[in-house]
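*Asks:* Output the structure for:
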Amino acid sequence: MPEHITTHEDPAYTSKPPLRAIKLILAYDGSDFSGWQKQKNGRSIQEELEKALSMMHKHEVRVIGSARTDAGVHAMGQVAGFYTDIASIPADRFVLALNKLLPRDVRVLSSEEVKPDFHARFDASLRKYRYFLICGGTPDPFILRYAHFIPYYPDLSILNAMAFVALGEHDFSTFASAQDKSESRFRFISESVFFLERNLLVYQIAGNAFLWHQVRSLVGTYLELEKKAKDPGEAAVLMREVVESKDRSRAGPTAPACGLFLWNIEYGDRVHGHPRKQCNKKESRLADPISPVWEGIANPSMPMRADRYLSDIIKLMTRSQLKARNAHLFCNGVEVKFSHKLKSKDRLRLEWKEAPSEQIEPEAIPLEILYQDTDVYVIDKPQGMVTHPAAGNWHGTLANAVLWLDNEARQNIQIQDSSLISSPARAGIVHRLDKDTSGVIIIARTAAAQEFLSSQFREHKAKKEYFAIVSGVPPESKGRIDTWIARSPRDRKKFSVSEPGRGKHALTLYRVCRTWEVNSCIGDRSLDTASKGAKSFMYSLLALYPRTGRTHQLRVHCANIGCPILGDPIYGKKDGVFPEATLMLHAHRLKIGLPSRSEPSVFSSPFPTRFRDTISYLDKHGHNIKATD
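*Replies:* Below is the predicted model of the structure:
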C-alpha cells in the first residue's frame, strides 16, 4: 500500500492501511437526524453508517462524508468513503449488505471501489443543492417534511434576477452562520437558478464549496427581497448590495432546513485516483466550465413535444436557445429528440452548453453608442448591418464591432464578472434586429448581465416601440394583430400567418400616427393630377408595439393587414412613388431593467435619415389626411 495514503489529516485515514477503498452514494431523510456529523446528544447519519459498517467488519470503521449537512437537511447524493479489509464482498454488493443493517431513513444507492487515496470531502470538485418550496393554496401534508411552504406565489423573474447575482466568485460572509469557522469566505458558484417542477418551486445552486447555512440564508434573503422589489432590475440591485455588504444582519431569515437537499457531488477524474489538478488562484475559474444541468418530472396536461414543454410551459429556455446552447435531452434515462412527445411523470434531464461556432474577429467598425456601463452597451444599429455572424455574413456585423469596442474599453474599465462579449459563441447578443432594421439594441457585457437581460425578453417584460412607414392605411386608428406565424414550406427564409397551433403565437399592437395621400403618375414622382394615368397612393406612419419577439413578426403582421412596410423586398412590392426605398422599419425605443439600476431604463433612437427624407417628401407632395400624437 502506498505510503501517501496515510498523509490525510483525518483520523479515518491514519489507521492501519486497509485493503480497499470504497465509495458510497447515500440518500437520507434528515428530518429526525441532528445532521451528518456525529453529535454527543443526537442521532446522526455518520453514526448510523459507522455502526452498520462496524457490525459487518466486527471492528470499528470510520467514514468520511463529502458534505456536513445540518439537522433536518436531506440528501439525494451524499458521498461517503471508507476502507475495508473484507476481501470476500464485491464492491457493488455493499449496497445490499448495508441496507439490511441501516435504518429505513438512510439508504445506500451505490457502492464502488476507488483508488486508495480517494477522499470524499477533499477531492470533491462540485457540490449541488436544491431547495424546494410549496407556494400558495393548501399544502400537501405529506410533502411538508421535504419542502418549505409559503402562502403566496413569488415572481419567478424577480427571484432569478437575484439568483444570477450569486453567480461567480464572491465573499459570501453575509450568508454565513456566526459559527462558521472558515478561513476564507470566498466561494465560487457555477449555477444559481429558480425553476418550476410540477407543483414545486425549486432553487438549484452548485459551487465548489459552501459556508455553514449559506444556501438556506440565500433562499431566505431571496424570499424577503422579492416582496420589496418592484421588478427584476430593482431586485438585482438590492441583492448585490446585500452581497457586497458582508453584513449578516442585511440577509433575510434563514430558510427552514426541511426544504434543503444535498443533490449530488461531482469529482471528475479524482474518483478513480487521477492526480489532483493544482489550481492557480490567478487562473480563470471559467477556463474549464461545468455544463449546466436541469432535472425534473414532466407534468403536461396532455402529450406534448418536449421543446414546447420546456419553452412554453415551464419557460426554462426558448426553442432557439435550446438549439443555440447545444442542448441534449434525456427522458427516463434515454436521450431523445426535442420533438419527442412527453407524458406525465416522465423523468427529464437537460444538459446544455454554449454551441461551438466560428471565431468572431473584433473589427474596428464605428458604432453610435447611446449608453454604456460595466454591464451593457446600448447601440443605435444602422440599417444594413447584420446583428450576428452567419453564413454569408461572417464579417462587418454588430458582434464584430462590439468585440473590438469591448476589447478597447476593458483596457480602462475593470469588469469583475466573466465576460460574455469575449465568448465567440454569443458576443453578448440577447435580442436581434433584422439586417435592414435600424435602431436601439442592447448588448450584455457580462454573464450575469446576459441572464438578467435575457430573462426580461423571455418573460416579455422588455417593452419595445418601433416606427414603420407602410403602404396603405390600417382598418382602425389603433388595434392589435393577434395571429400565429410559421415558416413558409416553400421558402425557408419567409414567414406567414398560419392557422392557430402551427408555428408560434405572435401579438403586435399598433397606432396610426400619420396618413398621407399622394397623387402621382405610375413610375414617376410628377404630381400633376390632371395628367393621364394619375394614380392615388396611400401611406401611413405606424407606431408598432410587439408583445412577442418572432422572426419577421412586424413585417408579416403589417403585410397581413394590407399595409406592407415600405421597401420590404420579401413581404411587399416595389413602390410606385418610392421605387428605391429600403426597409422603412426603425426600433425607436426600448424600456428594460439594467443590473445596476433599480428602475427600468428607457433608451431611444431618433429617426434616421431615410425616415426624415421620406416624411419630408410626403409632407411636401402629399395630402395629410390624419395626424395623431
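
*Asks:* What about the residue nearest the centre of the chain? Give its phi and psi, please.
*Replies:* Central residue of the chain (Cα atoms, centre = their mean): Glu451, 5.1 Å from the mean position. Taking degrees, to the nearest 10, you get phi -70, psi -40 for the backbone angles of Glu451.

*Asks:* in the stretch 351-500 of the chain, which spans are helices?
*Replies:* Taking DSSP state H, counting those that start in this stretch to define them, one finds helices in the stretch 351-500 of the chain at 398-409, 447-458.

*Asks:* Give the other helices and strands that the first one contacts.
*Replies:* Pointing back at helix 398-409 there. Using 3 or more Cβ pairs under 8 Å, 6 or more residues apart in numbering; DSSP states H and E as the contact criterion, the neighbours of helix 398-409 among helices and strands are strand 376-381, strand 438-444. Heads up, the C-betas are built off the backbone N, CA and C, glycines and all.

*Asks:* Redo the ones you listed as a markdown table? Include distance to Tyr545, mean neighbour count and mean pLDDT.
*Replies:* As requested, these are exported to a markdown table (distance: least, Cβ to Cβ, whole Å; neighbours: other Cβ atoms under 10 Å; pLDDT from 0 to 100):
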| stretch | distance to Tyr545 | mean neighbour count | mean pLDDT |
| --- | --- | --- | --- |
| strand 376-381 | 19 | 23 | 94 |
| strand 438-444 | 14 | 26 | 95 |
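
*Asks:* So what's the model's average confidence on stretch 403-415?
*Replies:* Throughout stretch 403-415, pLDDT has a mean value of 60.

*Asks:* actually stretch 96-113, not the one I wrote
*Replies:* Here the average pLDDT along stretch 96-113 is 95.

*Asks:* What distance do you get for Ser192 to Pro500?
*Replies:* With distances taken as Cβ to Cβ, to the nearest Å, Ser192 is found 38 Å from Pro500.

*Asks:* err, Asp346, not the other one
*Replies:* The value you get for Asp346 to Pro500, if Cβ to Cβ is used, is 26 Å.

*Asks:* And for Val73?
*Replies:* When distance is defined by Cβ to Cβ, Val73 is 48 Å away from Pro500.

*Asks:* Counting neighbours, go ahead and name the busier of these two.
*Replies:* Here Val73 and Pro500 are set side by side on neighbour count (other Cβ atoms under 10 Å), and the busier one is Val73, at 27 against 8.

*Asks:* List the contacts of the more buried one.
*Replies:* Remark: with contacts taken as Cβ atoms under 8 Å, 6 or more residues apart in numbering, Val73 is in contact with Gly30, Gly35, Ala257, Leu260, Phe261, Leu262.

*Asks:* what's the fourth one sitting at in phi/psi?
*Replies:* Okay, so that is Leu260. Here the main-chain torsion angles of Leu260 (degrees, to the nearest 10) amount to phi -100, psi 130.

*Asks:* For stretch 459-471, what does the pLDDT average out to?
*Replies:* When the per-residue pLDDT values of stretch 459-471 are averaged, the result is 94.

*Asks:* quick revisit: Throw the helices and strands packed on helix 398-409 into JSON lines and include distance to Asn41, thanks.
*Replies:* As requested, those are arranged in JSON lines below (distance: least, Cβ to Cβ, whole Å):
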{"stretch": "strand 376-381", "distance to Asn41": "54"}
{"stretch": "strand 438-444", "distance to Asn41": "52"}
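
*Asks:* wait, what's in contact with Asn41?
*Replies:* By Cβ under 8 Å, 6+ apart, the contact list for Asn41 reads Ser34.

*Asks:* Could you name the specific helix or strand carrying it?
*Replies:* If you go by DSSP states H and E, Asn41 is not part of any helix or strand.

*Asks:* how far away is it from Ser34?
*Replies:* Using Cβ to Cβ, we find Asn41 at a distance of 8 Å from Ser34.

*Asks:* Also Ala27?
*Replies:* Between Ala27 and Ser34 the computed distance is 18 Å (Cβ to Cβ).

*Asks:* same check, this time on Thr254
*Replies:* Distance of Thr254 to Ser34, given as Cβ to Cβ: 17 Å.

*Asks:* now do Val602
*Replies:* When Val602 is compared with Ser34 (using Cβ to Cβ), they lie 54 Å apart.

*Asks:* what's the single longest strand in the protein?
*Replies:* Secondary structure of the chain read by DSSP state E shows that its longest strand is strand 504-521.

*Asks:* which neighbours does it have in its sheet, and in what orientation?
*Replies:* Each strand that strand 504-521 pairs with, and the sense of that pairing, follows from DSSP bridges: strand 478-487 (antiparallel), strand 534-546 (antiparallel), strand 623-627 (antiparallel).

*Asks:* closest one to Ala236 among these?
*Replies:* When those are ranked by proximity to Ala236, the top entry is strand 534-546, at 24.6 Å, counting by Cβ to Cβ.

*Asks:* how much distance is there from the very next helix or strand once past the closest one to the middle of the chain?
*Replies:* Remark: after strand 534-546, the chain's next helix or strand is helix 553-560, criterion DSSP H and E. Distance of helix 553-560 from the chain centroid (Cα atoms, centre = their mean, to the nearest Å) equals 30 Å.

*Asks:* What of stretch 35-42?
*Replies:* Taking Cα atoms, centre = their mean, one finds the center of stretch 35-42 at 39 Å from the center of the full chain.

*Asks:* Verify the contact between Ala581 and Lys573 for me.
*Replies:* No: here Ala581 lies out of contact with Lys573, judged by Cβ atoms under 8 Å, at a distance of 11.2 Å.

*Asks:* Could you check which of those two has the larger neighbour count?
*Replies:* Comparing Ala581 with Lys573 by neighbour count (other Cβ under 10 Å), the higher total belongs to Ala581, at 20 against 9.

*Asks:* Now do the contacts for that one.
*Replies:* The neighbourhood of Ala581, defined by Cβ under 8 Å, 6+ apart, consists of Leu566, Gly567, Asp575, Arg610, Thr614.

*Asks:* repeat that with 6 Å
*Replies:* Taking Cβ atoms under 6 Å, 6 or more residues apart in numbering, we find Ala581 in contact with Leu566, Gly567, Asp575.

*Asks:* which ones are touching the first one?
*Replies:* Pointing back at Leu566 there. Contacts here follow Cβ under 6 Å, 6+ apart; on that basis Leu566 touches Ile469, Ser471, Ala581, Met584.

*Asks:* give the contact list for the last one.
*Replies:* Spelled out, it's Met584. Contacts were defined as Cβ under 6 Å, 6+ apart; by that measure Met584 touches Ala468, Ile469, Ile565, Leu566, Gly567.

*Asks:* Angles on the backbone of it, please.
*Replies:* phi -100, psi 70.

*Asks:* Could you measure from it over to Gly77?
*Replies:* To Gly77, Met584 is 58 Å away according to Cβ to Cβ.

*Asks:* next one: Asp380
*Replies:* With Cβ to Cβ as the criterion, Asp380 and Gly77 are 50 Å apart.

*Asks:* Would you enumerate the residues in contact with the residue nearest to the centre of the chain?
*Replies:* Neighbour list for Glu451: Phe164 [criterion: Cβ under 6 Å, 6+ apart].

*Asks:* Give me the pLDDT value at it.
*Replies:* Confidence per residue is given as pLDDT, and for Glu451 that number is 79.

*Asks:* Val95: what secondary structure?
*Replies:* Each residue gets one of three states, and Val95 gets helix by DSSP: H, G, I helix; E, B strand; the rest coil.

*Asks:* sorry, back to before: export the contacts of Met584 to TSV and tack on distance to Asn326?
*Replies:* As requested, those are arranged in TSV below (distance: Cβ to Cβ, whole Å):
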residue	distance to Asn326
Ala468	36
Ile469	40
Ile565	35
Leu566	39
Gly567	37
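
*Asks:* tell me which of the residues you listed is nearest to Ser536?
*Replies:* Distances from Ser536 to the contacts of Met584, taken as Cβ to Cβ, are shortest for Leu566 (15.9 Å).
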